[in-house]
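Student: need coordinates for the following:
(2 chains)
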Amino acid sequence: MKYNPSLIEKKWQKKWDDLNIFKAEIDYKKPKYYVLEMFPYPSGAIHMGHVRNYTLGDLIARYKKAQGFNVLHPMGWDAFGLPAENAAIENNTLPSKWTYSNIETMKNQLKQMGLSYDWEREFATCSPDYYKFEQKMFLDFYKAGIAYKKETLVNWDPVEQTVLANEQVVDGRGWRSGAEVEKKKMKGWFLKISDFAEDLLNEIDNLKEWPDRVKTMQRNWIGKSNGATINFSINNSDDKVEIYTTRPDTIFGATFIAISPQHLLSLKIAQKNNQAKDFVKFCENQSNKEVDIEKADKFGFETGLTVTHPFKKGINLKIYIANFILMDYGTGAIFGCPAHDQRDYDFANKYSIEIIPVIESKDNLPYTGDGLHINSDFLNGLNTQEAINLSIKKLKKLGIGKETITYRIRDWGVSRQRYWGCPIPIIFCDNCGEVPIPEAELPINLPEDINFDMKGNPLVSHPTWKNTKCPKCNNNATRETDTFDTFFESSWYFARFTELNPSKPFTNEAFKYWMPVDQYIGGVEHAVMHLLYSRFFMRALKFVKSIDLKEPFNSLQTQGMVCHQTFKDRKEKWLFPNEVIKENNTFFHVDTKEKVIAGRIEKMSKSKKNVVDPQQIIQNFGADTARFFMLSDSPPNRDMEWSDSGIEGSWRFLNRLWNFINNLEKEKSHKNLPINLSESQKNLLATLNNTVKEVTKSIDDFHFNIAVASIRSLFNALTSYEILNNNDKSVVSYTTKKLLILINPMVPHIAEELWEKFSENKNMISVERWPVINTNYEETNKIKIPVQVNGRMRAIIEVQTNLSEDDLEKTALNEKNVLKFLNGTPKKVIIIPNRIVNFVI
RNA sequence: GCGAGCGUGGCGGAAUGGUAGACGCACUGGACUUAAAAUCCAGAGUCCGAUAAGGACGUGGGGGUUCAAGUCCCCCCGCUCGUACCA
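Tutor: Numbering: from 1, shown residues only, chains lettered A, B, ... in the order given. Here you go, the predicted model:
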């Protein structure tokens, strides 16, 4: 009988469904394990990135189940977002219709992969049943003072009359309209993540099972810095300007003051001075992306105002408005010390500002390192830290400065001027101002009768939706038309999965039992924002006494991207991989037979057409082959390259496994291991034991490719084993069954089918227990040890384990090749028992 | 620009500071076949050597620490992710 994946995969998917074996229920008798993969945005169809992510998660879920854990493994849909509105505009449909139809397609595709989800817990975040809870949360935050409104600058498309996301601004123009993007001041809702910055930073140390690189990125994102604020009085004015610096020690090198275009002082100046006004306007209309700001040419506007240097009598510093000073960081104003800061240096050179070195160095300016201070009066001769301390002390004494801690992290702007998101439950009343909607009136649902023909946000142009009565005074009032950032939904969805109750976001019992997520898996692109917002959200919920947990994710693993070679034809048009055929290392177009230009291997993306459709792969090879290749190729945290030959290799392996066991089946029913084992039987069991150890360890370490390699080795040992008698049969049959259990989390359908054929056990393999390491079958007690001369390998000796240093040396000195290179007595002998012998001459 | 990561045969990748290249893919030779595919067996980093023994070189480039460096340190190059309204 031939291996027919489509047949057996459907069969087992149905069985798992019918018996509901992946349903998760609270069971205090078992340790719980919550495995979660980042839920997808329903963009239309699953892609290889999803296949990879969900295969990794499924392996863990099935593995932990086999180890006796009570596993929760849910799936849902991150269903609000911009693409649904774009699709609505392009295809003249509704965002909800488009989204739910995508969900249906993608759910079908996920089902075909044989993933062990508890589908009863599925939800889409765009459903009022989900987002109604967010409205309550937001009101709690609002009442607790964590949510507030403030003015920001947004990208405004004057043609579409709509706010654009950064992504929708291409080279300063709207992506659809092509109109030059303007900046518009708008009020929006913010959450005070900055209040929690210190705790978010400190607790990173306790995230023991997070990758270091993610923790480093979060630390840097929060960006705590110790510095000082200094108040400068403006000459001939009552105004002051407060600056922030991390280097108060360089105060004697200060030669100018720079303030942000959004600084109050800038705005004040702009009111009176048209040139200043133009400059501020010019700065505002620049991109507000961090990359662009940092890379942009530096411009300044000389305000004509000056301040006096606090320690240099009679020295005045000019105040500039500068485009590279961010209002959101520190105080929105700095003193410029060009000798010791790159940006200040560039700025000073451009505007011919004096450059005074105050730290001794042989390097070229600007020098940003440590050193002894010069030209600095009372700071002379001190190093940086000493000078920082003393300068702050002196500033305090003068009453114009103090040490100040600042954070780079900014409050989270959650307002979006969009339709397809969760409505923000606030009402604006002429009499009462902003009024939170009473909880009894929740949820505020999105209207379905909208159209995108009108410009801007359909909630604004909707004829009736925003009109309402004020809950306080009952006068006519209007609703908030902004909706939440979609990070809002993904900041707590993992908690919602623990709960089946439709009337509560989560309950004490279920939340306490299942949370935190034991293993979270997703793309590294979420290393900072999504994960930090989620960590913040837990704290915010704790702050309003909704839950009692700070850290949502105990262990985190991030996966790399799925890549594929790119192809172009002679007209520079991108080609799909299945339009290309390879012959003698040259690529040709399948139809035209023209030569094809093979480009770089890049992340799979629709725009470059270097995509392989998972659906096609599942149809051609089955889900198990796709899963097996995903796991065998690269370690999860690295990028992987999808290759046709790789998938075929996996296909062949599963076929070999299938054929091997089908042939064995004829001679089955050798249940028990023989009491006395032959040498070769012992060896096979030792290999098995070693494989169990290695597979277990590499799954725990998230090195699934090594687990696969190890299983392949065991399979090689199994197929090359010569069966001479019934005892051999028993040992082979025993080993085969263990192999099936080991491979089951990777390729569950074929494992179930072969288990059913081969094992006398009536249970499904999905409920079998993971093999235990049996120390009776340890590997032989002989080991090979390399012998080096001057660190270069010259021989390998095979010796008993734990041989003494003396005996090791003697054995090593019996080697001809060692003696040849030794040529006399060595100066020194380094022996690490069971590891290495090295003669130094 | 800034922050983080990655770089090992023809390819994907293995390797607690201790035998570099496990396990695969592709390739080559052989068996089976009328033939092909599939399957099975064998070989294989590069160069010198005889197809052996053995040796030299070799983990992006340059330098350093060490008895010993893919691994640790410094500098450089290339690529990837993030950069706050894409998700």
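Student: can you pull the contacts of A:I8?
Tutor: Contacts for A:I8 (C-beta atoms under 8 Å, 6 or more residues apart in numbering) come out as A:H749, A:I750, A:E752, A:E753. For every residue, glycine as well, the C-beta is placed using N, CA and C.
Student: ditto for A:G114
Tutor: Contacts of A:G114 (C-beta under 8 Å, 6+ apart): A:E9, A:W12, A:Q13, A:W16, A:D58, A:A623, A:D624, A:R627, A:P748, A:H749.
Student: give me the element it is part of.
Tutor: Using DSSP states H and E, A:G114 sits within no helix or strand.
Student: where does the stretch 451-600 of chain A dip in pLDDT?
Tutor: Low-confidence segments of the stretch 451-600 of chain A, defined by pLDDT under 70: A:582-586, A:600.
Student: and it, which of its residues are near RNA strand B?
Tutor: Residues of the stretch 451-600 of chain A lying near RNA strand B by C-beta under 7 Å from any atom of the strand: A:D485, A:T486, A:F487, A:S490, A:V524, A:E525, A:H526, A:A527, A:V528, A:M529, A:H530, A:M561.
Student: report the separation between the second one and A:G421.
Tutor: In this case it means A:T486. 6 Å (C-beta to C-beta, to the nearest Å).
Student: out of the residues of the stretch 451-600 of chain A next to RNA strand B, which sit inside helices?
Tutor: With DSSP state H as the criterion, helices contain A:F487, A:S490, A:M529, A:H530 from among these.
Student: which among these count as buried?
Tutor: A:F487, A:S490, A:H530 (16 or more other C-beta atoms under 10 Å).
Student: got the contact list for the second one?
Tutor: If I follow you right, that is A:S490. By C-beta under 8 Å, 6+ apart, the residues touching A:S490 are A:M38, A:F39, A:D78, A:T125, A:H530, A:Y533, A:S534.
Student: is A:I796 in a helix, a strand, or coil?
Tutor: Secondary structure for A:I796, judged by DSSP: H, G, I helix; E, B strand; the rest coil, is strand.
Student: surely A:S391 touches A:A254?
Tutor: No - using C-beta atoms under 8 Å, A:S391 makes no contact with A:A254, being 11.0 Å away.
Student: need the max-distance pair from the contacts of A:G114.
Tutor: A:W16 and A:R627 (14.9 Å; C-beta to C-beta).
Student: which one's more surrounded, the two?
Tutor: A:R627 (27 against 20; other C-beta atoms under 10 Å).
Student: got a winner among the contacts of A:I8 for most neighbours?
Tutor: A:I750 (27 neighbours).
Student: could you find the closest non-adjacent residue to that residue?
Tutor: Spatial nearest neighbour of A:I750, chain neighbours left out: A:D624 (4.9 Å); criterion: C-beta to C-beta, 6 or more residues apart in numbering.
Student: quick one, phi psi at the one you found?
Tutor: phi -60, psi -40 (degrees, to the nearest 10).
Student: distance of it relative to RNA strand B?
Tutor: Distance from A:D624 to RNA strand B, counting by C-beta to the nearest atom of the strand, to the nearest Å: 15 Å.
Student: and that residue, how many neighbours?
Tutor: Neighbour count for A:D624, taken as other C-beta under 10 Å: 28.
Student: could you pull out the helices for the stretch 401-550 of chain A?
Tutor: Ranges of helices within the stretch 401-550 of chain A are A:458-461, A:487-490, A:493-496, A:508-514, A:529-543, based on DSSP state H, counting those that start in this stretch.
Student: helices or strands up against the last one?
Tutor: Secondary structure elements in contact with helix A:529-543, counted by 3 or more C-beta pairs under 8 Å, 6 or more residues apart in numbering; DSSP states H and E, are helix A:128-143, helix A:197-202, helix A:212-222, helix A:487-490, strand A:553-559.
Student: ranking those by burial, who's on top?
Tutor: Burial of the helices and strands packed on helix A:529-543 is given as mean neighbour count (mean count of other C-beta atoms under 10 Å); helix A:487-490 ranks first at a mean of 22.
Student: pull the distance from it to the chain's centre.
Tutor: 14 Å (C-alpha atoms, centre = their mean, to the nearest Å).
Student: stretch A:291-299 now?
Tutor: Worked out by C-alpha atoms, centre = their mean, stretch A:291-299 lies 27 Å from the chain centre.
Student: so which bits of that stretch are buried?
Tutor: Residues of stretch A:291-299 classed as buried: A:K298, A:F299 (neighbour count, 16+ other C-beta under 10 Å).
Student: cool, stretch A:828-841 as well?
Tutor: Across stretch A:828-841, burial judged by 16+ other C-beta under 10 Å covers A:I831, A:I836, A:V837, A:N838, A:F839.
Student: quick check: the farthest pair among those residues?
Tutor: Checking these with C-beta to C-beta, the most distant pair is A:I836 and A:F839, at 10.8 Å.
Student: so what sits against both of these two?
Tutor: Contacts common to A:I836 and A:F839, judged by C-beta under 8 Å, 6+ apart, are A:V787, A:Q788.
Student: phi and psi next, for A:N705.
Tutor: Note on A:N705: its backbone torsions stand at phi -60, psi -30 [degrees, to the nearest 10].
Student: revised request: answer the last question for A:A751.
Tutor: phi -60, psi -40.
Student: what sits against it?
Tutor: A:L740, A:I741, A:I743, A:N744, A:I765.
Student: could you look up the SS state of the second one?
Tutor: In this case it means A:I741. Applying three-state DSSP: A:I741 is helix.
Student: pretty sure it contacts A:V772?
Tutor: No - with contact defined as C-beta under 8 Å, A:I741 and A:V772 do not form a contacting pair (10.9 Å).
Student: the more surrounded of those two?
Tutor: A:I741 (19 against 10).
Student: and the more buried one, how close does it get to A:S194?
Tutor: In terms of C-beta to C-beta, A:I741 sits 50 Å off from A:S194.
Student: the closest residue to A:W420 other than its chain neighbours: how many residues sit nearby?
Tutor: What sits nearest to A:W420 in space, not counting adjacent residues and going by C-beta to C-beta, 6+ apart, is A:P95, at 4.3 Å. Neighbours of A:P95 under the rule other C-beta under 10 Å: 28.
Student: tell me who's in contact with A:P95.
Tutor: Taking C-beta under 8 Å, 6+ apart as the test, what A:P95 contacts is A:A84, A:E85, A:A87, A:A88, A:C126, A:Y419, A:W420.
Student: what would these look like in JSON lines with neighbour count and secondary structure?
Tutor: JSON lines is the format used below for the contacts of A:P95 (neighbours: other C-beta atoms under 10 Å; DSSP: H, G, I helix; E, B strand; the rest coil):
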{"residue": "A:A84", "neighbour count": "27", "secondary structure": "helix"}
{"residue": "A:E85", "neighbour count": "20", "secondary structure": "helix"}
{"residue": "A:A87", "neighbour count": "20", "secondary structure": "helix"}
{"residue": "A:A88", "neighbour count": "22", "secondary structure": "helix"}
{"residue": "A:C126", "neighbour count": "25", "secondary structure": "coil"}
{"residue": "A:Y419", "neighbour count": "25", "secondary structure": "coil"}
{"residue": "A:W420", "neighbour count": "28", "secondary structure": "coil"}
